[in-house]
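**Q** Attaching a predicted model along with its sequence, questions to come.
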Amino acid sequence: MISYDDSERQASKGGNRSRGEILYHLFHPHIAELVGAADLEFILPPEDFPIIGGRAPTDNLEGILVIALDTQKGSVVSDEEINGLIGIGSTFINDAINGEKFDSTSDRMDALRLQFNRGLMGDKGHHGRVRAIIITPGLVHNRMNWVNDERIATEIIDSQSFSAEKEVEVEQFTINMEGLGTLPRVHPVASNPKTLSLYMGGISGVTLAQLFRNVGRRLLESNVRDFLGEKGINKGMRMTIDENPQYFGAFNNGITIVCRGVQLSEDGFVETLVSPSIVNGGQTTVVIAKAHLEGADLSQVEIPLKIVKIDMSPEKAAIMFEKRISKFANSQNNIKATDQLVNEEPHPTLSELSEGVRFKGWTYLHRRGMLATRELDDSEKFKQWEANHPIEKQFEATTAAVIWNAWWGEPHIAARGAQKSFQIYHAQLRMRYIEKGWNPELFLKRSFGLCMIYKYVEKIVNQRYSGYGAATRPHVIGWFAELMERKLDLATIWASDDSELPKNIRDILDHLTGKVDHVLRTYEDEDTKEWAKKEECKNTIFSLPIEKHILQLMETVPRTLESPLVMEDLSAFLYTIGQKKLWDSFYFVRDDVFGGNSFGLGSSFFTAMKFYRGDRLNASGQSVILSIWDIARTHGYLEKYPGKDDLYKPG
């Protein structure tokens, strides 16, 4: 894990940032690990420091309020200081709930208050929906003391979160299970006295909910901290709790708790746990805890339980082993569509290609957790790699999806986030990959040039227009692309100076960002971030008048002589191939390539083709059909059956 000093140096790059901004970026990876990064916004409020960021609660996400305490690294922070900060956070939330008028145009903090006001509208209170995160370079003893503070549930992230070469003192804690509810009961199934002991059994819903309440979100391992809301599988779990609680254990895969110690009674009842962490089953835990908070009857809810007691020295080895348990336990679960698509071409090729020296340290990271895995496997080799590929030159595929959607003319889609954007981005790249003449090296250079634009806009928003960043950034890029007719020579901009954008482009982006921020900040008809996800918002911004001096600046920007960088019509491409040929390519893949097994692609392809026939094909369906077509193509289908009537399975 990167040290505190290195993290601070990285956070300080990019100009004269305020101390609040440096602290936010310094601690952001740890905040994201704890509560998820979705919709987190940095706020630069000189008059309201120490509140420096957060996100309002939604149906799918817990509200977060980020509070900073700046102090000397490693200095002891008193309980009184923490209590004072919690009081500030509680006052902020109550003011947001009770407020009627918010000046979000001139008061950046009012922009966040307004978002919390709308997010908590109609609620009797914020308990269970909002959590405070206090970040500090100092040292806080007993960081868990405030996880259930009656004013606002609070987590602490301090300098102990940054561990580099030296062994750090790990704060262990013991949970007495007797005060939580019915004791879990387990049976030993495997034991290696030098490394671990394994127990299997069950835990009641009430006990699990109370365990979560007492330990807080630190109970959940980092990969599953962000609650996905009561939709999909989570919605099904909640329905089972409400309608058939006695069957919950039969329908659920259960939870895995890793701990440093466990005390059992003679009958196998779990009496105490030392430093428990749920590495698998985080969504189950939060669904149950939320249901309990809302008054649901959990008396019949039982959950399968696996406990893994780790007994290793040094503690660093135990932490590494815990990460591996989490990695393999979660690899067996359903994963996001994005996590599946990033492993399809051309993303692995782009990632491998970007490792070359001709890209000057810029790299395309196609999978989440790539760097963490590299560091875990070979920390020394990773340090060398990171020195040649600094963080400011690391470009994640999910970020590329957002930026390219904006550039292609769909900033309102990009404003919906990485998951929504990626399916469209992947389908677009998949078709380009299939087409003859696609140049992945040129695409990377253009992508890195576009990334430079994105990072500059991000910097402007953080320093001057904080509060609506997730909405502002894509709309600025989309509008800039529209004004440039999508013919900006992105590759040349990157090749000329990959460390800084030309001044004329910076001046243009400065101007556009201010205008977009004003449009979003003064919109009052509905929630601003939701409006930013609609085409109406895009059209409003695209129709804004442009000053003469900005138009003159645009004439000085390098343009490509090639066609504009626009979104391809994938449906038209597939309709050109034809329904008969697409079905035949599927039969070829299933029978000739896979030996009669479609490996789960069959149902997805059938569904996609149904929408294809009805002329209602979306990005997800396009990706499925393109994947089948590409597999067939790469296995010689077009060479064997080149014409429209040349079929693998005639009739």
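**A** Yes, it's here. Residues are numbered from 1 along each chain as shown.

**Q** which stretches of the stretch 451-600 of the chain have low pLDDT?
**A** Applying pLDDT under 70 to the stretch 451-600 of the chain picks out residues 598-600.

**Q** Could you pull out the helices in it for me?
**A** With DSSP state H, counting those that start in this stretch as the criterion, the stretch 451-600 of the chain has helices at 469-483, 490-496, 503-521, 528-531, 535-542, 548-554, 570-577, 579-587.

**Q** can I assume residue 272 sits in a helix?
**A** No: Residue 272 sits outside any helix when classified using DSSP: H, G, I helix; E, B strand; the rest coil, being strand.

**Q** Contact partners for the closest residue to it other than its chain neighbours?
**A** In this structure, residue 272 finds its nearest non-sequential neighbour in residue 263, 4.3 Å apart by CB to CB, 6 or more residues apart in numbering. C-betas here are computed from N, CA, C, even on glycine. Going by CB atoms under 8 Å, 6 or more residues apart in numbering, residue 263 touches 270-272.

**Q** Present these as JSON lines; the columns should include neighbour count and pLDDT.
**A** Output for the contacts of residue 263, formatted as JSON lines (neighbours: other CB atoms under 10 Å; pLDDT from 0 to 100):
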{"residue": "270", "neighbour count": "25", "pLDDT": "97"}
{"residue": "271", "neighbour count": "14", "pLDDT": "96"}
{"residue": "272", "neighbour count": "15", "pLDDT": "96"}
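
**Q** circling back: mean neighbour count and distance to residue 433 for the helices of the stretch 451-600 of the chain - can I get that in a markdown table?
**A** Below are the helices of the stretch 451-600 of the chain laid out as a markdown table (neighbours: other CB atoms under 10 Å; distance: least, CB to CB, whole Å):
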| stretch | mean neighbour count | distance to residue 433 |
| --- | --- | --- |
| helix 469-483 | 25 | 22 |
| helix 490-496 | 19 | 18 |
| helix 503-521 | 19 | 29 |
| helix 528-531 | 19 | 33 |
| helix 535-542 | 16 | 28 |
| helix 548-554 | 12 | 32 |
| helix 570-577 | 15 | 12 |
| helix 579-587 | 18 | 16 |
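
**Q** What ranges does the stretch 151-300 of the chain have for its strands?
**A** Ranges of strands within the stretch 151-300 of the chain are 153-157, 174-176, 185-192, 196-204, 255-259, 261-264, 270-274, 277-280, based on DSSP state E, counting those that start in this stretch.

**Q** tell me which strands and helices the fifth one is in contact with?
**A** Meaning strand 255-259. Here strand 255-259 touches strand 270-274, strand 277-280, strand 302-310, helix 315-330, going by 3 or more CB pairs under 8 Å, 6 or more residues apart in numbering; DSSP states H and E.

**Q** and what of the third one?
**A** Contacts of strand 185-192 with other secondary structure elements, assessed using 3+ CB pairs under 8 Å, 6+ apart, are made with strand 196-204.

**Q** how far is the strand it packs on from where the chain is centred?
**A** A distance of 31 Å separates the centroid of the chain from that of strand 196-204, by CA atoms, centre = their mean, to the nearest Å.

**Q** Pull out the buried residues from that strand.
**A** Going by neighbour count (16 or more other CB atoms under 10 Å), the buried part of strand 196-204 is 196-197, 199, 201, 203-204.

**Q** Alpha carbons of that strand, in PDB - could you do that?
**A** What follows is strand 196-204, C-alpha atoms only, in PDB (Å, rounded to 0.1, in the frame of the first residue of the first chain):
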ATOM      1  CA  LEU A 196      -6.100 -20.900  10.400                       C
ATOM      2  CA  SER A 197      -9.200 -22.600  11.700                       C
ATOM      3  CA  LEU A 198     -12.400 -23.000   9.800                       C
ATOM      4  CA  TYR A 199     -16.000 -23.200  11.300                       C
ATOM      5  CA  MET A 200     -19.400 -23.700   9.600                       C
ATOM      6  CA  GLY A 201     -22.800 -22.900  11.100                       C
ATOM      7  CA  GLY A 202     -25.400 -20.200  11.200                       C
ATOM      8  CA  ILE A 203     -26.300 -16.800  12.600                       C
ATOM      9  CA  SER A 204     -29.700 -15.200  13.200                       C
END
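
**Q** what's it in contact with?
**A** Under the criterion CB under 8 Å, 6+ apart, residues 181-182, 184-191, 249, 255, 262, 264, 268, 270, 298, 301-312, 321 lie in contact with strand 196-204.

**Q** sorry, back to before: and of the strands of the stretch 151-300 of the chain, who's closest to residue 7?
**A** strand 153-157 (12.0 Å; CB to CB).

**Q** Can you give the strand pairings for that closest one, parallel or anti for each?
**A** As defined by DSSP bridges, the strand partners of strand 153-157 come to strand 130-135 (parallel).

**Q** What is the host helix or strand of residue 610 packed up against?
**A** Per DSSP states H and E: residue 610 is located in helix 601-613. Secondary-structure packing of helix 601-613 (3+ CB pairs under 8 Å, 6+ apart): helix 579-587, helix 619-634.

**Q** packing partners for the shortest one?
**A** Helix 579-587 makes packing contacts with helix 601-613, helix 619-634 when contacts are defined by 3+ CB pairs under 8 Å, 6+ apart.

**Q** in the last one, what counts as buried?
**A** What it means is helix 619-634. Going by 16+ other CB under 10 Å, helix 619-634 has these buried residues: 619-633.

**Q** for the first one, same thing?
**A** Within helix 601-613, the residues scored as buried using 16+ other CB under 10 Å are 601, 604-605, 608-609, 611-612.
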